[in-house]
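Visitor: build me a structure from this.
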Amino acid sequence: MDKLATPDTITGQGRILLVDDDVFLLDTLRNGLSLKGYQCETAMNAMTALELISKNTFHGMVTDIILPDMMGFELTEKVKKLEPDMVVIIMTGFIDEFSYKDAMEAGASDFIKKPFSLKELIARIEHATMHEKLHTISLRDDLTGLYNRRGFFTLAEHLLKMAKRQQEGLFMLYADLDDLKGINDTLGHQKGDWALIDTANILKENFRNSDIIARIGGDEFVVLPIGTTGDNVQIIISRLRKAVEMDNATSKRDYELSISAGAVYFDPRSPCTIDELLYRADKSMYKQKRNKQNA
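Guide: Take a look at the predicted model:
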């Protein structure tokens, strides 16, 4: 399930990861933020930061722009892949060499110039947290808790830009809940809502927290990315079908779930828009649906 670590109140109790190779600065920020109710962990390089994030839930990260093993922009891009909802603030003493636009394109929430006061940093964290929380609410589907269509387009656009820049292709899954209309007409819309919720939960359980899992229409779902090779994608789709079968076998519903799914490839050497990718994915899914109906 997608994780969203938010503080109990905007003014404290959030868990912050501080990343810099300056030990004195790390100790100063950790001590100051701790006095304000934040729980802080520190890392002196990007790889340590990524390892901590993969094992723990953080509300936010404050990172220097220049680290021993990679740039803060690159670290930010990797972190946002793992945790799209995380607040990231990039700090730098080289304000003339790096721009706010560069930070935003990497996925950062804010950009702060060194030297800065603790009061200013806390204000930036609080503002970014509030903005991220409101932004996240607007990007979520009320019924399933997945990203909605707006959320999918917002996050997918950023992900495809990174894929194009890094020349890394990726696959997207497009899934449709079969015969939702029949469930609604025969058993009522409440059962139809439950079918959508159950489908969303199956997707959450079978894909990574870092994947973009969204409900983009009444009975349409997408997952991005699901892999980089065709062989792996077929295994993933087969695993999803088996998960649906197992759910049907163990549930006490008076109907069975059925999902049709197709996958398409985003080629960074010949990039397309999100709308074009969805169009191709929709055609792939309907081909699979027709094959099921004709079987």
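Visitor: what about the closest residue to M61 other than its chain neighbours, how many neighbours?
Guide: Nearest residue to M61, sequence neighbours excluded (C-beta to C-beta, 6 or more residues apart in numbering): L17, at 4.5 Å. Glycine gets a C-beta too; all of them are placed from N, C-alpha and C. Residue neighbour count, defined by other C-beta atoms under 10 Å, stands at 23 for L17.
Visitor: isn't there a strand covering L17?
Guide: Yes. Judged by DSSP: H, G, I helix; E, B strand; the rest coil, L17 forms part of a strand.
Visitor: surely it and S54 touch.
Guide: No. Using C-beta atoms under 8 Å as the test, L17 is too far from S54 to be in contact (11.6 Å).
Visitor: in this protein, which spans are strands?
Guide: Secondary structure of the chain (DSSP state E): strands at 15-19, 39-43, 60-64, 87-92, 110-113, 170-177, 212-215, 220-224, 259-266.
Visitor: columns distance to T28 and mean pLDDT on top of these, output as a markdown table?
Guide: Shown next, in a markdown table, are these (distance: least, C-beta to C-beta, whole Å; pLDDT from 0 to 100):
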| stretch | distance to T28 | mean pLDDT |
| --- | --- | --- |
| strand 15-19 | 10 | 96 |
| strand 39-43 | 11 | 96 |
| strand 60-64 | 12 | 96 |
| strand 87-92 | 12 | 93 |
| strand 110-113 | 14 | 91 |
| strand 170-177 | 40 | 94 |
| strand 212-215 | 37 | 95 |
| strand 220-224 | 40 | 96 |
| strand 259-266 | 43 | 93 |
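Visitor: I'd like the ones you listed as CSV, with distance to H127 appended.
Guide: Conversion of these to CSV gives the following (distance: least, C-beta to C-beta, whole Å):
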stretch, distance to H127
strand 15-19, 15
strand 39-43, 19
strand 60-64, 11
strand 87-92, 10
strand 110-113, 7
strand 170-177, 33
strand 212-215, 25
strand 220-224, 29
strand 259-266, 34
